[in-house]
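**Student:** what follows is a predicted structure for the sequence shown.
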Amino acid sequence: MKIIAIESSHDDTSVVIYENRKILKDFSYSQTDFHKMYGGTVPEFASRKHAEKFNEIGRLLKEEDLSDVDHIAFTSEPGLIGSLHMGRLFAYGLGYALNVPVKPINHMHAHIFAAAFEHDIQYPSIALIASGGHTQLWNVKSVDDIELLGETSDDAAGEVFDKVARKLKLGFPGGPRIQECAWDGEDSINFKIPFNKNFNFSFSGFKTQVINYIHNLEQKSLPIPTPDICRSFQDTIVNHLVKKTKLAVEKYNPKNIILGGGVAANEVLRTAFELEFGKKALIPSKKYTTDNAAMIAVRSALKEKSL
Amino acid sequence: MKLIIDTCLENLFIALVNNNKTVDYFLVKEKKKADLLPSLFKKLLDNNGASTKDIKEFYVTKGPGSFMGARTAITFARTICHIQGSKLFTTDTLTFISCGNPGTYYIDAKSNQSYQGVYKDNKINLSITKFHSDSKVDYEYIVNNPEKCLALFSEDNPISNDIYYLKEPRIGGK
């Protein structure tokens, strides 16, 4: 089944032509470099850039063989509203021009099933999806039966990486910058995230703790041990994410434990996940953890029972 | 068949034109135009026994107006045109409002400002000025004289990403 899939929930414009677990063509563009100068994504500019990229991709798609496309799949929610709108308009434009159905896909569900692109998921599974906008634990009973167990009540994990990186003047996006800096540091600062035996997350207090620590040093004109802060921060949040996932694993005894979302590109989290859950851990390649249209295609193919 | 779409103004306007006559149209007061446009497009075509491939020419405004509205119709129409090879014609919203009649026209630009278009000698001069009430759009004239309305559009450059935003968005606080 050939699918054209579209992802534009945040600041990546991604379109793929997908067929039978293969990406036949990938048109993906990141806006990260543009938004860097603002220290984060500016929603109006993100939507403008999507409009420009969809124009370019539309021209390129014209050169492809689209005669046997089964349907168009696009990210319908959640995400930045102006960015989602552009993907939706592009999807319907394609669908009408090719006279094929247009199918909305939930972005978070797509993150869960991104693992199915490279692995055969056994059900039930537990999925931890951590990104700049979300931190969620899911009980994945089957392709069609997914239950949200818990999520963050304030900041998302990736958002905390961004905010701490900004305070440390490391730049944007925070995840890769903190990871890089943490290699040179020691886990010497005692940051803590309160642990409750439920499946919800809260990172706001932890974020304030780290930012206040840096702020206090600044006020006293003391040197900032940036690598140690990065290492201690990263280890604390990674341990917490794994510990929360373990709580769900103990309760539901899943056959697989899936990791997804942009934060899943973090090497320390990937390693910790593998060490904790062994062969049961399913971790997509890094290119499929961040926002991408391949996961939209996979999710849509699974829904159609035609992976 | 030809299709006119404007999503930049307060109303979403979409009209089907054939042999220089408006066959059918929708004029809908709707804030969420990006949500509505695909279904309204399909409904208009279905109601008139037409399909997407029957639209050989699209006539679309691409701002100024609401930022989102300025890129709504153009993103949708451009995609169809790229894939099925229909022609795309565009103009700015103030030329569209003018219906080709010389004068000065305004659209609310928020923040106590207006987009101003001075239409003279078949040309528009666009700028931002202090707030004036929105110019009334004579949809009846457009519907009854589609050939005059279509003459205000020119063929769009497919490589171009031009959209007439005229303003940068406000970033951060007030």
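**Tutor:** Yes, it's here. In this text the structure is predicted, and so the values were computed from the model without any measurement.
**Student:** which residues of chain B lie near chain A?
**Tutor:** By CB under 8 Å from any CB of the partner chain, the residues of chain B that approach chain A are B:34-35, B:37-38, B:41-42, B:51-53, B:67-68, B:71-72, B:74-80, B:82-85, B:158-159, B:161, B:163, B:165, B:169, B:171. For the C-beta atoms, the positions are set from N, CA and C on the backbone; glycine is no exception.
**Student:** go through those residues and flag which are in helices.
**Tutor:** Judged by DSSP state H, the subset of these located in helices is B:34-35, B:37-38, B:41-42, B:67-68, B:71-72, B:74-80, B:82-84.
**Student:** neighbours around the residue of chain B found nearest chain A, how many?
**Tutor:** Closest contact between chain B and chain A, by CB to the nearest CB, is at residue B:79 (2.8 Å). A total of 25 residues lie near residue B:79 under the criterion other CB atoms under 10 Å in any protein chain shown.
**Student:** I'd guessed it sits against residue A:89; true?
**Tutor:** Yes: Residue B:79 lies in contact with residue A:89 (CB atoms under 8 Å); the separation is 7.2 Å.
**Student:** overlap of the contact sets of the two?
**Tutor:** The contact sets of residue B:79 and residue A:89 overlap at residue A:54 (CB atoms under 8 Å, 6 or more residues apart in numbering or on different chains).
**Student:** re earlier: and the residue of chain B closest to chain A, what does it touch?
**Tutor:** Contacts of residue B:79 by CB under 8 Å, 6+ apart are A:54, A:58, A:89, A:90, A:93, A:94, A:97.
**Student:** so how far is residue A:170 from residue B:40?
**Tutor:** Distance of residue B:40 to residue A:170, given as CB to CB, to the nearest Å: 47 Å.
**Student:** can you pull out the helices in chain A?
**Tutor:** For chain A, the helices defined by DSSP H cover A:32-36, A:43-61, A:81-98, A:107-113, A:157-167, A:174-182, A:204-219, A:226-252, A:267-277, A:293-303.
**Student:** in the second one, what counts as buried?
**Tutor:** Which is helix A:43-61. Across helix A:43-61, burial judged by 16 or more other CB atoms under 10 Å in any protein chain shown covers A:43-59, A:61.
**Student:** any idea how far it is from the chain center?
**Tutor:** Put simply, helix A:43-61 sits 21 Å off its chain's centre (CA atoms, centre = their mean, to the nearest Å).
**Student:** that helix - contacts with which helices or strands?
**Tutor:** Applying 3 or more CB pairs under 8 Å, 6 or more residues apart in numbering or on different chains; DSSP states H and E, we find helix A:43-61 packed against strand A:12-19, strand A:22-30, helix A:32-36, helix A:81-98, helix B:67-84.
**Student:** now the third one
**Tutor:** For helix A:81-98, the contact count by 3+ CB pairs under 8 Å, 6+ apart identifies strand A:2-7, helix A:43-61, strand A:69-77, strand A:102-106, helix B:33-47, helix B:67-84 as packing neighbours.
**Student:** before we move on, what about the last one?
**Tutor:** Using 3+ CB pairs under 8 Å, 6+ apart as the contact criterion, the secondary-structure elements in contact with helix A:293-303 are strand A:2-7, strand A:12-19, strand A:22-30, strand A:69-77, strand A:102-106, helix A:107-113.
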